[in-house]
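Kindly generate the corresponding structure for this input.
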Amino acid sequence: MSLGLLSDHVRPLTDDERFRFRCHPGVGCFTECCRELELALHPYDVVRLARRLGIMTALFLDRYALVEQGEGDLFPRVFLAMIDDGRASCPFVGAEGCTVYTDRPAPCRTYPLGRGASLKEDGTATILHVLLTEPHCQGFAEATEQDVAAWTADQGLIPYQRMNDLLLRLLQHPQTRTGWRPNAEQCRRYLNTLYDLDCFRNTLLPDTPEREAPLADDERLLAHAVDQLVREFYGD
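This is a model prediction of the structure:
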């Protein structure tokens, strides 16, 4: 994210800087942020939501996701499909709040922060946080003080960030800086391997006792999927 493009309501936030924010049913704008938004989903978001709903990842993608690839996108992007109720509401928002709260996607957990990660030449990541102070949000009038570390822990973001940052090796590989672009088959492989994790599992672990092996674990399997695509696409 370029700091020169930040609006009046988005500003950089240092790790030790404190901010006031709390969201709860007593806030007048409760669940308004669950409507009229583009919510991008990472592979880990999809698998967590599919597990919560008790369905396979392929069915989740069919029922709840939209796949788009803009001109500047390296790979296809997956978005949560909103309900056509005149307000473009999240399919998982109810009168009392989020119905999948413990497995809600990373963007929902991160707000009102924004987090950007970029891969350095040595393979480590540079992390940038910003604070999104949208005028309609009344959570900033609450007395509760937060900092980045406290908010990250409180919202259960650590496993989400760990799994999402694995994708940097695909999305920001050095070869992409010198013009490498995936072909149509590689884009299909990207979607089917990372987002339809159950299908990928079946290609590795047929219906045998080996399903109890470490790769039967969603997080380990997703990490393995990233490793495999990095080797296929970039020869690493």
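
Please, where are all the strands along the chain?
10-13, 19-20, 40-41, 65-68, 77-80, 93-94, 97-98, 113-119, 125-132, 145-146 (DSSP state E).

Quick one: residues contacting the nearest residue to residue 83 once chain neighbours are set aside.
Residue nearest to residue 83 in three dimensions, not counting chain neighbours: residue 89, with 4.9 Å by Cβ to Cβ, 6 or more residues apart in numbering. In short, each C-beta sits where N, CA and C put it, glycine included. For residue 89, the contacting residues are 34-35, 82-83, by Cβ atoms under 8 Å, 6 or more residues apart in numbering.

for residue 89, which residues make a bridge with it?
Judged by DSSP bridges, the bridge partners of residue 89 are residue 35, residue 83.

domains of the protein?
Domain assignment for the chain by automatic domain parsing gives 8-156, 171-234.

Of those, which shows the lowest average pLDDT?
Among the domains of the chain, domain 171-234 has the lowest mean pLDDT, at a mean of 88.

Now do that one: distance from first to last residue.
Distance between the two ends of domain 171-234: 11 Å, counting by Cα to Cα, to the nearest Å.

buried stuff in the top helix by length along the chain?
Under DSSP state H, the helix in the chain containing the largest number of residues is helix 218-234. Using 16 or more other Cβ atoms under 10 Å as the test for burial, helix 218-234 gives 218, 221-222, 224-226, 229, 233.

Which member of those is positioned nearest residue 52?
Nearest to residue 52 out of the buried residues of helix 218-234 is residue 218 (Cβ to Cβ; 12.1 Å).

these two touch, right, the closest one and residue 49?
No. The criterion here is Cβ atoms under 8 Å, and residue 218 misses it with residue 49 at 11.8 Å.

What's the local residue count around the nearest residue to residue 155 once chain neighbours are set aside?
Nearest non-adjacent residue to residue 155, counting by Cβ to Cβ, 6+ apart: residue 109, 4.1 Å away. For residue 109, the neighbour count with other Cβ atoms under 10 Å is 18.

Geometric centre of this protein: which residue is closest?
Most central in the chain under Cα atoms, centre = their mean is residue 42, positioned 3.7 Å from the mean C-alpha point.

Quick check: chain neighbours aside, which residue is closest to that one?
residue 164 (4.8 Å).

One more: residue 17?
Per Cβ to Cβ, 6+ apart, closest to residue 17 is residue 147, 6.5 Å.

could you list every residue that touches that neighbour?
Residue 147 makes contact with 15-19, according to Cβ under 8 Å, 6+ apart.

Name the residues that touch the longest helix of the chain?
For helix 218-234, with Cβ under 8 Å, 6+ apart as the criterion, the contacting residues are 43-44, 47, 51, 159, 163, 166-167, 169-170, 173, 175, 180, 182, 186, 189-190, 193-194, 197, 200-201, 204, 214-215, 236.

Filter these down to the buried ones.
43-44, 47, 163, 166-167, 169-170, 173, 182, 189-190, 193-194, 197, 200-201, 215.

Which of those fall within helices?
Of the positions in those, 43-44, 47, 163, 169-170, 189-190, 197, 200-201 sit in helices, assigned by DSSP H.
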